[in-house]
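> This is a predicted model, with the sequence first.
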Protein chains: 2
Amino acid sequence: MAAEVESLENILEKHVPADELKEVFRILYGRQLEPLNFSEAATKLATDRKVELKGYAFAKAPMQTVAARIVRVGAIQNKIVLPTTAPIQEQLESLHRRLGEVIDIAGESGVNVLCLQEAWTMPFAFCTREKQPWCEFAESAENGPTTKLMQEYAKKYNMVIVSPILERDEIHGETLHNTAVVISNTGAVLGKSRKNHIPRVGDFNESTYYMEGDTGHKVFQTQFGKIAINICYGRHHPQNWMMYGINGAEIVFNPSATVGALSEPMWGIEARNAAIANSYFTVAINRVGTEHFPNEFTSANGQPAHKDFGHFYGTSYVAAPDGSRTPGLSRTIDGLLVTEMDLNLCRQVKDTWGLRMTQRLPLYAESLAEAIKPDYQPPIVKE
Amino acid sequence: MAAEVESLENILEKHVPADELKEVFRILYGRQLEPLNFSEAATKLATDRKVELKGYAFAKAPMQTVAARIVRVGAIQNKIVLPTTAPIQEQLESLHRRLGEVIDIAGESGVNVLCLQEAWTMPFAFCTREKQPWCEFAESAENGPTTKLMQEYAKKYNMVIVSPILERDEIHGETLHNTAVVISNTGAVLGKSRKNHIPRVGDFNESTYYMEGDTGHKVFQTQFGKIAINICYGRHHPQNWMMYGINGAEIVFNPSATVGALSEPMWGIEARNAAIANSYFTVAINRVGTEHFPNEFTSANGQPAHKDFGHFYGTSYVAAPDGSRTPGLSRTIDGLLVTEMDLNLCRQVKDTWGLRMTQRLPLYAESLAEAIKPDYQPPIVKE
C-alpha cells in the first residue's frame, strides 16, 4: 500500500502559490486564523516527546458590557503504544504514560479544557467482535484507575479534562458503555456523558458491546464555559448536535475513532456543519495509526480475512460558529491541537446569523411527534 | 477589487501534481466521479450560448431484485440579463429568454429533473428594502406567466422543472412568498413548496417581504423519483433537511442566492452534510454575478452606502448520500450542471450506514417537546 499522505494542508502549501493559496483556504476554511505562540518549554517538550503541537486563535468577539471569555482548548490524537498482543494491564499503563506526556505539553501550553480521543485507554478492538480480552479495558467512570489518574492531572494543571473511556457500570448490571468522563479543574468528577448513537457500519461492531447512551444531552458548566460531548458516530446525527446546542453548550467535543476509506471525505463536513448550525465551537478528534490484532477477522465486504481495521487518519480539527476552522493535525502522528477562542463569539454569531431565532422548534417538535407514529402518512404529493 | 477567481478546482488542478491531486480530491470530495459525455448538439448549444456545461455520474447501486433507477438531474445558475434599471417587464422577459436557452441545453443533455435558482425571474433585490418596483416581480405559482412558460418546457422536454419564484398568493391576502413551483413532466403543476426559514442576516432583508413558509415538508412523487425543495437559508437548519428525509425525499434541491464574504466557506458544508445525514442526494444552486441597484443602500456593517449586494459566487454542486460530491460550477459565469444518479443508492447507503435506523427519533420528539416549553430547564451539570 502507498504511504499515507501527511495532510491535505501539506500538499496544498507545497504546490499552490501564496496568493492563490490564501483564496483556497478562504473558500475551504473561512476566515484566516492567527497561529498561537507557545513557550519554549512547551515547544521543547513537544519535540522531545514526538508530539505535533499546533495552535490557532479564532476571531475575537469584543463586547461593551461583557468581558472577553477567552478559553484555551486542547485536543489530543494518538496511536496506541504497545502491540495489541501485550497484556491488557501493560497496554493500559503504556497509554496512561503516553497521554501523561501529552497532557504535560497541554499544561505548558495553557490549556484550560482538554479532550482525549474516544476509548483512549485501549485499541479500538470492536472490529474483532471478540469480547475477551478487550472488555477487560472497561472501568468505572466514577472511580476507575483512569479517572483517578485524570483527576490528578486536572488538579495539577487546573484543567478540565474530558476522558472518553470504555465504561463498566457496576450498579446497572455490570453493563458496558462508551462514555466520556468530565473532570473539573478542581479534580472532582463532574459527571459523564454516554455515546447516544451506536454504529452498525463496516467494522464498527460496537452495537455488540454496548447499547445507546441513556444520559441524554447534558451540558457541563465548567469554570471555563459550558461544554458537552457528542461521541463519534453521533456526529452523523444533526439532531444530536442540535440538542446539545439547545441545552446551552458553547463547546461540543466529538472524540472519535474512524478510518479512511469509510469516512474521511465526511470528516471535515459534519462537526463543522454542527458548529455553523448551532452557533458553538466543535472539536473533532480522531485517533491515528493502524492497529493490528492477534486474530484475523472479516469485514463483510467480500475481502479476505485480515488483522487490522485500516488506517485511523487523525486530522483532528476545531470549527467555530462563524464557519471558520483550523487546519487538521497530521494524518499519521500523535498531536496536540490548541485553540484559543472567545466564547462570546457564540452569542455574537447567534445575533448576526439568527440561526437560533429562526429555528422554528415548535414546528419540528410537532412534525417529529407526528412522524414517529406507527400510522404516519408523509405528505407526498402525486399527480 | 481583485478579479474573482474562477473556481477552487481550477486553482488546484493548475498547481497540484496528478497523483497528489487525486488524494486531495478524495479527501475533499470523496469517491471519484465519472464525467458525463454529452451529444455534440448539447455541447455546441452550450458553447454558442456561453453556458458552462458540466456533467458527472455518481456511483451505481446495483441490486438483484430492484431495477436501476437512473435519473439525470440538472441545476442551472445564472446572472441577471438586463440592468436592474430596465422596466420590470423587460427584465422578466430577458430572464425568460435566457433560461429558455439553458433549458434547451438541459433538454439536449437528457435531463429528467431540472431546478433553477432561487427567485430566478428577478434580481435579488431584497437587499434594497425597497418594496417598489421589485414586488411587481411576484406572480401566481399556479398560473402566472413564468409557470405557464415552464409548463411548456416541461412538456417539450418531458422534464420535471422546479421553478423558484417570488409568489403572490392572491387567495390569501395577496401576500408574497418565496416559493418553488414543481411542474411535472406532463406539464401539470404538481404543487408548490415555500421557503421555511427566512433570513435576518446581512443584506438578506427578506423578512420584510414575506413570512416563514406554511407548506411544511412536502415531498413530490414524480415519474423520476421523490423530490423536495429546501430554499436557500433553510440549508442552515439541519432539522429542515431532516424532515424532507423523514418524508421520503430522494433528491432535495436547495435553490439559493448567497454572497461570498458571508457564506462561501459554509457553502460546501451544509447541503453536503444533509446528503450524508439523510441518505439522499442534494442539489445546491447559487446565482452568479454582481447585481447593481439604482439607489444606494447601507449594509448595517459600518461601511458607506453602496449600490450592490456583493458577488454571488455560483459554485453550484451536487452531493450524494455516500459522501461524494461533484466539483462546483464556475464562480463567475452561467452554468448547467448535469448529474446522473441511481436513486437506489439512497436505500443502499441507508442499509450500509444505518443512519436512519440509528436516528432515535422518539428521543428527539420527546426532547424537543420539552425544550419548547416556556419553563424548560436544560440539564446543566454544575459542581
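Arrived safely, thanks for sending.
> tell me the pLDDT at residue A:2?
Looking at residue A:2, its pLDDT stands at 62.
> how many other residues sit next to residue A:199?
21 (other C-beta atoms under 10 Å in any protein chain shown). C-beta coordinates here come from the backbone N, C-alpha and C atoms, glycine included.
> for the one 10 residues further on, same thing?
By other C-beta under 10 Å, 19 other residues sit near residue A:209.
> same check, this time on residue A:382
11.
> ok, and the closest non-adjacent residue to it?
residue B:221 (4.6 Å; C-beta to C-beta, 6 or more residues apart in numbering or on different chains).
> which is the next helix or strand following the helix or strand where the one you found lies?
Under the criterion of DSSP states H and E, residue B:221 resides in strand B:219-222. Proceeding N to C from strand B:219-222, the next assigned helix or strand is strand B:225-229, under DSSP H and E.
> what pairs with the host helix or strand of residue A:181, and is each one parallel or antiparallel?
Using DSSP H and E, residue A:181 falls within strand A:175-183. Sheet partners assigned to strand A:175-183 using DSSP bridges are listed as strand A:160-169 (antiparallel), strand A:189-194 (antiparallel).
> Check the ones you listed for me and report the most buried one.
Across those, the average number of neighbours (mean count of other C-beta atoms under 10 Å in any protein chain shown) peaks for strand A:160-169, which reaches a mean of 26.
> Could you tell me the angle between it and strand A:225-229?
On the basis of axes from the mean of the first three to the mean of the last three C-alpha atoms, to 10 degrees, strand A:160-169 is oriented at 30 degrees to strand A:225-229.
> From the chain's centroid, how far away is strand A:160-169?
Chain-centre distance of strand A:160-169: 13 Å, with C-alpha atoms, centre = their mean, to the nearest Å.
> Does stretch A:227-236 reach chain B?
Yes - using C-beta under 8 Å from any C-beta of the partner chain, we find that stretch A:227-236 touches chain B at A:233, A:236.
> May I have that stretch as CSV, with CA atoms only?
Extracted C-alpha coordinates of stretch A:227-236, given in CSV (Å, rounded to 0.1, in the frame of the first residue of the first chain):
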residue,chain,number,x,y,z
ILE,A,227,-19.2,22.0,27.3
ALA,A,228,-20.8,18.8,26.0
ILE,A,229,-19.7,15.6,24.4
ASN,A,230,-21.0,14.0,21.2
ILE,A,231,-19.1,10.8,20.9
CYS,A,232,-18.0,9.5,17.5
TYR,A,233,-20.9,8.2,15.3
GLY,A,234,-23.2,10.8,17.0
ARG,A,235,-21.6,13.3,14.6
HIS,A,236,-23.6,11.9,11.7
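> For the lengthiest helix in chain A, enumerate the helices and strands it packs against.
For chain A, the helix that runs over the most residues, judged by DSSP state H, is helix A:88-108. Contact analysis of helix A:88-108 by 3 or more C-beta pairs under 8 Å, 6 or more residues apart in numbering or on different chains; DSSP states H and E lists helix A:40-48, strand A:70-77, helix A:145-157, strand A:335-342 as its packing neighbours.
> would JSON lines of the ones you listed with distance to chain B be doable?
Formatted as JSON lines, the helices and strands packed on helix A:88-108 follow (distance: least, C-beta to the nearest C-beta, whole Å):
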{"stretch": "helix A:40-48", "distance to chain B": "25"}
{"stretch": "strand A:70-77", "distance to chain B": "16"}
{"stretch": "helix A:145-157", "distance to chain B": "12"}
{"stretch": "strand A:335-342", "distance to chain B": "17"}
